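Enquirer: my questions are about this predicted structure, shown below with the sequence.
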Amino acid sequence: MMSSRDADDVAAEPLIRLSGVGAVVAEKLAARGLSTLQDLWFHLPRQYEDRTALTPIRALQSGLPAQVEGTVEAAERSFRGRPMLRVAIGDGSYSTLVLRFFHFRSQQVAQFASGTRVRVYGTPRPGQHGLEIVHPSYRILGGTADAGDPALSDRLDPIYPAIEGVGPAVLRKLIGQALQRLPDERALELLPADVLVRELLCAGFPSLREALLTLHRPPQGSDLQALLAGTHPAQRRLALEELLAHHLSLRRQRIAMQAHTAPVLRGGKRVLALRKALPFALTKAQQRVFAEIRDDLAKPMPMLRLVQGDVGSGKTVVAAMAAMLAIDEGRQAALMAPTELLAEQHLANLRGWLEPLGVRVVWLAGKVTGKAREAALAEIAGGTAQLVVGTHALMQEGVAFRDLALAIVDEQHRFGVHQRLALRDKGSSGTNVPHQLVMTATPIPRTLAMAAYADLDVSAIDELPPGRTPVQTVVLSAERRPELIERIRSACAEGRQAYWVCTLIDDSDEVVAQAAQSTYEALTQQIPELRIALVHGRMKAGEKQKTMAAFKAGEVQLLVATTVIEVGVDVPNASLMIIENAERLGLAQLHQLRGRVGRGSTASSCVLLYQAPLSQMARQRLATMRETNDGFVIAERDLQLRGPGELLGTRQTGIAAFRIADLGRDAALLPTVQRIGEALMSSSPDLAERVTERWIGGAARYASA
Ligand code: ADP
Ligand code: MG
């Protein structure tokens, strides 16, 4: 019997040893990350085709792929704008199916002589004359039925992700060869036998070997629907192991992180002074989260903490107090926000709170140039800048801190893990790194947070400051837009302010800016007595800032804006928000936008305008918005509706690279993943490393930790 070490050797065998793989093919495969036998074992089909049966033409259903056999009744070539070949086939079931080709050679036309028998596979869609299949795969059969026809497949056909320069048939052959070398059941498993039996086999999951074989060659009678949906037990088995690999990798990053040291920050009198000087009392949740941060900072190990808090829950002040813990030790803190608008607001708030206590707050953003930039850089490097607030300009070359002890990043989703680390690195020297505090207003369901942020501790500000009245949300068809004019008038007549948010599916700044511009003009005509202003992403930063300041000061009553106001804008007197094309926005974004109202003590409302007809998904999203103001509930719904990719902004979090797992679909596996992760880390760290290696590969990931 093969040992698991032997299995490792086989797994690592280069593909060049397979027959049919020369230097050229090997290179093409390597370009797609396939260089060993194991890579091919895990190169899984992205789809399956069922050619095990024939469907009568009459029984075809639009959108359902099927295999059909029939006789050519007519073939017609035409040039309507572009060349086209249409072939009608019948199968005696009193129905006709049209095959339509846009790219074809003249031999192909000749192939389809009347009376020719063909076997076709594809997805029928409604056409001009009944169902048609565009560009089906097909083969021409012999003259008479049955005699010599190729047999139907006896299993589902796997369709692999295409690889440039390696045809599907070749790839299938190579994978077939690789699978012949698949080690036996025990040798292939990396999990310890007791864990395997207890957590997986007893729970009905197949072994890894069986799972791989099932997915590459689904046996007859396999559940095609489950396979296509990614919920087949074989897929879940692999998803589980992949999630485990990612989980372990994050855990390892965390352990690597904890090998670093960080300054002990206890702060002094000014921490209390700040708290006393605030115009409000902290909520219980703010107090609890601040206490968690303070405990972390009192340790000589770097903090890595994510603070989740719904819009308006008051994260900024917690950040200010954390910064004070560092500043009051004579060290530096930095706060980075994703947009200039947001960074500027933070600057204003933090200056208001900290400068009276003698703290020097310095501003650094992209638009700070020339002498001002030099001065800022000098203060940052010299250490007189105690708190530095800015945008990603903080991470640029040339920015050197004298003694950065705490790096605070707001709105994590807009930055990637790498950017977070880049800011941290600004304060690293030797094994010493700054503490990190990450703040996000997009609540992440617990299960997901565990998977995506296993390298962070998570705190939640799960309570809003007192005296806020929940926002009333109304969903209206765009036809009822005229009614809104009255609504805006009356809100403003009461001394309140309003937002009108323009969005478009085509999110190019320019198009949205134009739409906002014309909405602005229309509203200015319709409500001439109001002071209306416009802010969008194409405006100069200075202009934007002036407009926002005027709105904040109450000089502007109605602000027509693009989603630039999504994050962080804080004008408590605004009590009405209208969002156009709300059906096109995701839940998280709608929630963020809506969070701009309901910040004062007056009852606020949010009107979601949509263009009919609504898709099922959009209808559910808007209903969710109407039903709840709770960001955590919304996040859970978002996860159900859209899956986690969007929710986490996976692009940036670096957890996107799942081959098979899907955090939304497979969320139920996460508790098992956690348990197995726990067991492996404590009893067999070497196996943990091999699991990570198998799925994620290489040291690249840890290198950045
Ligand atoms: P977010 O969590 O969305 O970043 P902010 O930090 O911008 O929220 O806070 C929203 C508003 O609530 C700000 O005007 C802030 O000054 C105010 N605020 C914060 N904490 C409290 C509190 N405990 N009581 C009253 N108002 C508070
Ligand atoms: Mg904020």
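Expert: Here it is on my side, so go on. Ligands and ions are numbered 1, 2, ... in the order given.
Enquirer: and the residue of this structure that's closest to ligand 1?
Expert: The chain approaches ligand 1 most closely through G314 (2.8 Å), counting by Cβ to the nearest ligand atom. To be clear about C-beta, it is placed using only N, CA and C from the backbone, and glycine gets the same treatment.
Enquirer: so that residue versus M321, what's the distance?
Expert: 11 Å (Cβ to Cβ, to the nearest Å).
Enquirer: more neighbours: these two, which one.
Expert: M321 (24 against 19; other Cβ atoms under 10 Å).
Enquirer: residues contacting the residue of the chain closest to ligand 1?
Expert: 282-283, 286, 461, 464-465 (Cβ atoms under 8 Å, 6 or more residues apart in numbering).
Enquirer: in the stretch 351-500 of the chain, where is pLDDT below threshold?
Expert: 412-421, 442-455 (pLDDT under 70).
Enquirer: how about the strands in it?
Expert: Using DSSP state E, counting those that start in this stretch, the strands assigned to the stretch 351-500 of the chain run over residues 361-364, 387-390, 404-410, 435-440, 457-461, 472-477, 497-501.
Enquirer: any chance of CSV for these, columns distance to D570 and mean neighbour count?
Expert: CSV is the format used below for the strands of the stretch 351-500 of the chain (distance: least, Cβ to Cβ, whole Å; neighbours: other Cβ atoms under 10 Å):
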stretch, distance to D570, mean neighbour count
strand 361-364, 18, 22
strand 387-390, 15, 26
strand 404-410, 13, 28
strand 435-440, 15, 24
strand 457-461, 16, 20
strand 472-477, 20, 16
strand 497-501, 12, 25
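Enquirer: need those strands in CSV (columns: distance to K276).
Expert: Shown next, in CSV, are those (distance: least, Cβ to Cβ, whole Å):
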stretch, distance to K276
strand 361-364, 19
strand 387-390, 19
strand 404-410, 22
strand 435-440, 22
strand 457-461, 21
strand 472-477, 36
strand 497-501, 32
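Enquirer: quick one: closest of those strands to D295.
Expert: Nearest of the strands of the stretch 351-500 of the chain to D295, taken as Cβ to Cβ: strand 457-461 at 10.3 Å.
Enquirer: so how far is the longest helix along the chain off the chain centroid?
Expert: When the chain is scanned for its longest helix (criterion: DSSP state H), the result is helix 233-258. Helix 233-258 has its C-alpha centroid displaced from the chain centroid by 18 Å (Cα atoms, centre = their mean, to the nearest Å).
Enquirer: repeat that for stretch 131-140.
Expert: Distance, centroid of stretch 131-140 to centroid of chain: 36 Å (Cα atoms, centre = their mean).
Enquirer: now do stretch 261-278
Expert: With Cα atoms, centre = their mean as the basis, stretch 261-278 stands 36 Å off its chain's centre.
Enquirer: what is the end-to-end distance of it?
Expert: 32 Å (Cα to Cα, to the nearest Å).
Enquirer: then stretch 53-70?
Expert: Using Cα to Cα, the two ends of stretch 53-70 sit 14 Å apart.
Enquirer: and stretch 35-50, by the same measure?
Expert: 30 Å.
Enquirer: quick check: buried residues in it?
Expert: By neighbour count on 16 or more other Cβ atoms under 10 Å, the buried set for stretch 35-50 is 35-45, 48-50.
Enquirer: thinking again about what came up before, against which helices or strands is the longest helix of the chain packed?
Expert: Other elements packing on helix 233-258 under the criterion 3 or more Cβ pairs under 8 Å, 6 or more residues apart in numbering; DSSP states H and E are helix 208-216, helix 446-452, helix 670-683, helix 685-695, helix 700-703.
Enquirer: flag every buried residue along that helix.
Expert: Buried residues in helix 233-258 (16+ other Cβ under 10 Å): 233-254, 257.
Enquirer: quick check: residues of the stretch 151-300 of the chain near ligand 1?
Expert: The stretch 151-300 of the chain comes close to ligand 1 at residues 280, 282-283, 286, as judged by Cβ under 6 Å from any ligand atom.
Enquirer: which ones among the residues you listed lie within helices?
Expert: Short answer: those in helices (DSSP H) are Q286.
Enquirer: how close does G165 get to G267?
Expert: Taken as Cβ to Cβ, the span from G165 to G267 is 61 Å.
Enquirer: of those two, who's got more company?
Expert: G267 (20 against 13).
Enquirer: give me the pLDDT for the more buried one.
Expert: Residue-level confidence at G267 comes out at 85, pLDDT.
Enquirer: doesn't it belong to a helix?
Expert: No - counting by DSSP: H, G, I helix; E, B strand; the rest coil, G267 falls outside a helix, being coil.
Enquirer: how about it, what does it touch?
Expert: G267 neighbours (Cβ under 8 Å, 6+ apart): 294, 324-329.
Enquirer: buried members of the residues you listed into ChimeraX, please.
Expert: Buried subset of the contacts of G267, written as a ChimeraX selection, criterion 16+ other Cβ under 10 Å:
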select :294,324,325,326,327,328,329
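Enquirer: so can I have CSV of the contacts of G267 showing pLDDT, distance to L274 and secondary structure?
Expert: Output for the contacts of G267, formatted as CSV (pLDDT from 0 to 100; distance: Cβ to Cβ, whole Å; DSSP: H, G, I helix; E, B strand; the rest coil):
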residue, pLDDT, distance to L274, secondary structure
R294, 97, 13, helix
M324, 97, 5, helix
L325, 97, 10, helix
A326, 97, 12, helix
I327, 97, 10, helix
D328, 94, 9, coil
E329, 94, 14, coil
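Enquirer: among the contacts of G267, find me the one that's closest to T624.
Expert: R294 (36.2 Å).
Enquirer: before we move on, the earlier item: so which of the buried residues of stretch 35-50 sit within helices?
Expert: Among the buried residues of stretch 35-50, the members falling in helices (DSSP H) are 37-41.
Enquirer: and ligand 1, which of those residues reach it?
Expert: Okay, of these, nothing touches ligand 1 (Cβ under 6 Å from any ligand atom).
Enquirer: and which of those residues is nearest R481?
Expert: Set against R481, the nearest of these by Cβ to Cβ is D39 (55.6 Å).
Enquirer: sticking with the nearest residue to the closest one once chain neighbours are set aside, tell me its helix or strand.
Expert: The shortest distance from D39 to any non-neighbouring residue, by Cβ to Cβ, 6 or more residues apart in numbering, is to G33 (6.6 Å). Per DSSP states H and E, G33 falls between elements, in no helix or strand.
Enquirer: L15 is in contact with G33, correct?
Expert: No - using Cβ atoms under 8 Å as the test, G33 is too far from L15 to be in contact (11.5 Å).
Enquirer: what about the two, which has more around it?
Expert: More crowded of G33 and L15, by other Cβ under 10 Å: L15, with 20 against 9.
Enquirer: so M681 touches L250, yeah?
Expert: No - contact criterion Cβ under 8 Å: M681 and L250 do not qualify, at 11.4 Å.
Enquirer: where does R637 sit: helix, strand or coil?
Expert: Under three-state DSSP, R637 falls in the helix class.
Enquirer: wait, doesn't Q286 sit right on A460?
Expert: No - look at Q286 against A460 with Cβ under 8 Å: they stay out of range, at 11.0 Å.
Enquirer: what comes up buried for the longest strand along the chain?
Expert: Criterion DSSP state E: the longest strand present in the chain is strand 66-80. Using 16+ other Cβ under 10 Å as the test for burial, strand 66-80 gives 66-72, 75.
Enquirer: show me how far that strand is from its chain's centre.
Expert: With Cα atoms, centre = their mean, you get 43 Å for strand 66-80.
Enquirer: just checking, what packs against it?
Expert: If contacts are counted by 3+ Cβ pairs under 8 Å, 6+ apart, strand 66-80 sits against strand 82-90, strand 96-101, strand 117-122.
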